[in-house]
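Peer 1: Give the three-dimensional model of this entry:
(chains A and B)
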Amino acid sequence: MIKKIYAFGSSFTEGGGFEFQVNPTIKYAYSNLGEKITKFNFSYPGQLQKLLPNVEVINLAKSGYGNERIYRLASDLVLSSEFNSEETLFLFEFSHLGRKEFFSRKLNDYIILNYNAGLGGNPPSKKTRFSSVAREYNTDIKEVKNDLSKLPSSEFFEKFLKLTIDGDVQHELVSNNSTIFLSFIKNRNIKYLLVEPPFYVNPSYWNNLLEPSFIKVNKDRFSIHDFCKPFGARISEETKKFHEDEHYGLISNKLIASIIYDEMCNRNFISEKPLNKTRKDFDDIQKIIDTNVLKLKGII
Amino acid sequence: MIKTIYTFGTSCTAGGGFEFDCKYRHTDSAGFKMKISRGEYIKNIYSETPFSQNHYSYPGQLQSLLSEYSHKIRVENISKQGYGNERIYRKFFEITNFNNFNKEQSLFIFEFSDLSRKEFYFTPLKNHVIMNYKAEPDDSDMKNMSISKSYWYDTARDYKTISENYHIFKEFRENFISTDNQLIEITRNYILFLEFLQSNGFNFLISGVPEITHPKYFNEERKWKKYIIPFGFDNDIKYETFNIFADEQKLRIQDETSGEYGDLHPSLFANKIIAKMVYNDMIKRNYITGDIIPIPKKINFKENLKNTLI
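Peer 2: Predicted coordinates for the structure are as follows:
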């Protein structure tokens, strides 16, 4: 039986958009819901924790960061002597391009370089554009300034990016590294579910590495982004643009958590019955958020 | 049945020291630039033909050996001087993701590296380049580094383009390459790659282990011993890395040429017997059929030199 769940991914898994310490006004939009006002609780791993009180859910996702952080943290957990593969489940939200991790000697920590990979457009522009660099996004401004003062200038990152990043080459690298990583996890008999699968891995590895770990919703494979697209899943929509943020809202994260919960039941990872929840089951929550927002806007 | 052997690694696998096609003027052991090119200089020392870097490498010699014993096996030498594990992983996928690739008929032999090598894609040349740097445990040396697309073969344009952007790589090295962290990442990636190979049923052997691994992962190393080819003379010490065997047994180019050509890569003689050791190991593991070839001692060490008095 599963006793520990580790969630890995980007801001979508971390609970991006719910930075209550940076934007304290958001909490008013989500008041009267009986929810603990923490980023973790508003993330889908946090909501999964509520559904699984006897399981420890640890959220290792971090805004801005991507697959390289997943490989690094998950591998080191597996390679540590205390790791118990029988009782552990990994949840992976893979990302794609636009994220490059470096270890800063001066910060003695990793930083993330975010960029636009330039693969969009027809034909693709192929031009990468620097977006930002940080050790931690959405943190105290003083800390951010302190971090940035120890890093090279943004001009350096722009030049470095222009010199060394090519969308196609990075795509190959991401594809290869995801394949290596998942093969390692598989070789160690570790249970994992793909919240956002790395669809870009070579098709010859799909049967072995991806298919068995898809989360299935209505017979379709689950992708957090595909699943959330059709309904007003984002914080902007959930709060009627009171809080403009493109991350998934509380209802989406509750729904994602319940889908993962059901998948765990179906795979006998836990001895419970599936919840079979749909978006409609959360209409009451949406009503409370709507009321909160109307009050905040001074309409009622 | 194996039909293709792919060898991966650094200059030691590439036939380092035997750059017959190098057009750069050779620098002699006293540091003076000679009138002839490095390629011409080497041709003046050795006699065995063809004069190609690959033929003088152990994979080239393995190819000759396989042909001599009537094995219809092709040896593809994928290694490159200066480069390390990052290139190995990249090239491995280039080969195996190809539609016609046949896993059961392929054997991979890896010479893994460790610190001092960092690969980048370099957009101005639309190619990868390698940064070789001095990795001190306390990161005290930030000066010694070089970048090349292809050591000994870079064109004037390659050299100029790299030089113009050298300062960016230098700044990267100073800010983002820490020896300890690099060692963690390199060791972790090495373990993951081996697990990937095992998990997906690839046929593979190791001709060189990383010289140094991070203590954090020491427990993982013994798992991979069974894939390592032992290198050494009969009833003598066995090494886990072929170039260490050549180093320790004084079978380097410098030794073969009595110091005339001061290159520290495995000598032609070394590459010949290393190829035999690989060949014998393949027989023992049933990758090929045949009889074990005796490994010669140092008796004909200088047989391929034009002037054996060197």
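
Peer 1: Report how many residues lie close to the nearest residue to residue B:284 once chain neighbours are set aside.
Peer 2: Nearest non-adjacent residue to residue B:284, counting by CB to CB, 6 or more residues apart in numbering or on different chains: residue B:292, 7.7 Å away. Any C-beta I mention is one placed from the backbone N, CA and C, and that applies to glycine too. Residue neighbour count, defined by other CB atoms under 10 Å in any protein chain shown, stands at 11 for residue B:292.

Peer 1: Flag every residue of the stretch 151-300 of chain A that's near chain B.
Peer 2: A:151-152, A:156, A:159-160, A:162-166, A:169-170, A:172-173, A:175-176, A:179-181, A:183-184, A:186-188, A:202, A:204-205, A:208 (CB under 8 Å from any CB of the partner chain).

Peer 1: For the residue nearest to residue B:284, list the residues it contacts.
Peer 2: By CB atoms under 8 Å, 6 or more residues apart in numbering or on different chains, residue B:292 lies in contact with B:280, B:283, B:284.

Peer 1: And the residue lying closest to the first one once chain neighbours are set aside, what's its pLDDT?
Peer 2: The reference is to residue B:280. Nearest non-adjacent residue to residue B:280, counting by CB to CB, 6+ apart: residue B:292, 5.0 Å away. Listed pLDDT for residue B:292 reads 96.

Peer 1: any idea which element residue B:292 lies in?
Peer 2: For residue B:292, there is no enclosing helix or strand under DSSP states H and E.

Peer 1: and the residues of the stretch 151-300 of chain A next to chain B, which are buried?
Peer 2: A:151-152, A:156, A:159-160, A:162-166, A:169-170, A:172-173, A:175-176, A:179-181, A:183-184, A:186-187, A:205 (16 or more other CB atoms under 10 Å in any protein chain shown).

Peer 1: still on that earlier bit, tell me which of the contacts of residue B:292 is nearest to residue B:171?
Peer 2: Of all the contacts of residue B:292, residue B:280 has the smallest distance to residue B:171: 48.6 Å, by CB to CB.

Peer 1: if I look at that closest one, how far off is chain A?
Peer 2: Distance of residue B:280 to chain A, given as CB to the nearest CB, to the nearest Å: 29 Å.

Peer 1: now residue B:132
Peer 2: 16 Å.

Peer 1: For the lowest-mean-pLDDT helix or strand in chain A, which outside residues touch it?
Peer 2: One helix or strand of chain A scores below all others by mean pLDDT, DSSP states H and E: strand A:220-221, with a mean of 82. With contact meaning CB under 8 Å, 6+ apart, strand A:220-221 is reached by A:197, A:214, A:215.

Peer 1: Would you confirm that residue A:245 contacts residue A:237?
Peer 2: No. Under the criterion of CB atoms under 8 Å, residue A:245 makes no contact with residue A:237, lying 10.0 Å away.

Peer 1: Quick check: residues of the stretch 1-150 of chain A near chain B?
Peer 2: Neighbours of chain B within the stretch 1-150 of chain A, by CB under 8 Å from any CB: A:71, A:72, A:75, A:76, A:79, A:81, A:102, A:103, A:104, A:105, A:106.

Peer 1: Show me where chain B dips below the pLDDT cut-off.
Peer 2: Across chain B, the ranges flagged by pLDDT under 70 are B:298-299, B:308-310.

Peer 1: What's the separation between residue B:133 and residue B:83?
Peer 2: Distance, residue B:133 to residue B:83, using CB to CB, to the nearest Å: 13 Å.

Peer 1: who has more neighbours, the two?
Peer 2: Legend: neighbour count by other CB under 10 Å for residue B:133 and residue B:83, higher for residue B:83 (27 against 22).

Peer 1: Which members of the contacts of residue B:292 occur in strands, if any?
Peer 2: Using DSSP state E, no member of the contacts of residue B:292 sits in strands.

Peer 1: ok, of these, which come out buried?
Peer 2: Buried members of the contacts of residue B:292, scored by 16+ other CB under 10 Å, are residue B:280.

Peer 1: Can you list which of the contacts of residue B:292 are found in helices?
Peer 2: Taking DSSP state H, the ones among the contacts of residue B:292 that sit in helices are B:280, B:283, B:284.

Peer 1: thinking again about what came up before, strand partners of the least confident helix or strand of chain A, parallel vs antiparallel please.
Peer 2: Its sheet considered, strand A:220-221 pairs with strand A:216-217 (antiparallel) by DSSP bridges.

Peer 1: Can you tell me what sits against the strand it pairs with?
Peer 2: A:222, A:227, A:259, A:263.

Peer 1: Mind picking the two most distant members of those?
Peer 2: A:227 and A:263 (12.4 Å).

Peer 1: secondary structure class for residue B:140?
Peer 2: Judged by DSSP: H, G, I helix; E, B strand; the rest coil, the three-state class of residue B:140 is coil.

Peer 1: Can I get stretch B:27-38 in CSV? Just the C-alpha atoms.
Peer 2: C-alpha atoms of stretch B:27-38 as CSV (Å, rounded to 0.1, in the frame of the first residue of the first chain):
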residue,chain,number,x,y,z
THR,B,27,54.9,21.4,-32.1
ASP,B,28,57.9,19.3,-31.1
SER,B,29,58.7,18.1,-27.6
ALA,B,30,60.8,21.2,-27.0
GLY,B,31,57.9,23.4,-27.8
PHE,B,32,59.0,24.6,-31.2
LYS,B,33,56.6,24.7,-34.2
MET,B,34,57.9,22.5,-36.9
LYS,B,35,57.5,23.1,-40.7
ILE,B,36,55.5,20.0,-41.2
SER,B,37,52.0,19.4,-40.1
ARG,B,38,51.1,17.2,-37.2
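
Peer 1: List the buried residues in it.
Peer 2: Burial within stretch B:27-38, assessed by neighbour count using 16+ other CB under 10 Å, is assigned to B:37, B:38.

Peer 1: How about residue A:103, nearest residue that isn't a chain neighbour?
Peer 2: Nearest residue to residue A:103 in three dimensions, chain neighbours excluded: residue B:181, at 4.5 Å (CB to CB, 6+ apart).

Peer 1: the strands in chain B, which residues?
Peer 2: Using DSSP E, the strands of chain B run over residues B:4-8, B:25-27, B:33-37, B:74-77, B:106-111, B:117-122, B:127-133, B:145-148, B:203-208.

Peer 1: Distance to residue B:195 added to those, as TSV?
Peer 2: Listed next are the strands of chain B as TSV, based on distance: least, CB to CB, whole Å:
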stretch	distance to residue B:195
strand B:4-8	17
strand B:25-27	43
strand B:33-37	44
strand B:74-77	24
strand B:106-111	14
strand B:117-122	21
strand B:127-133	25
strand B:145-148	31
strand B:203-208	12
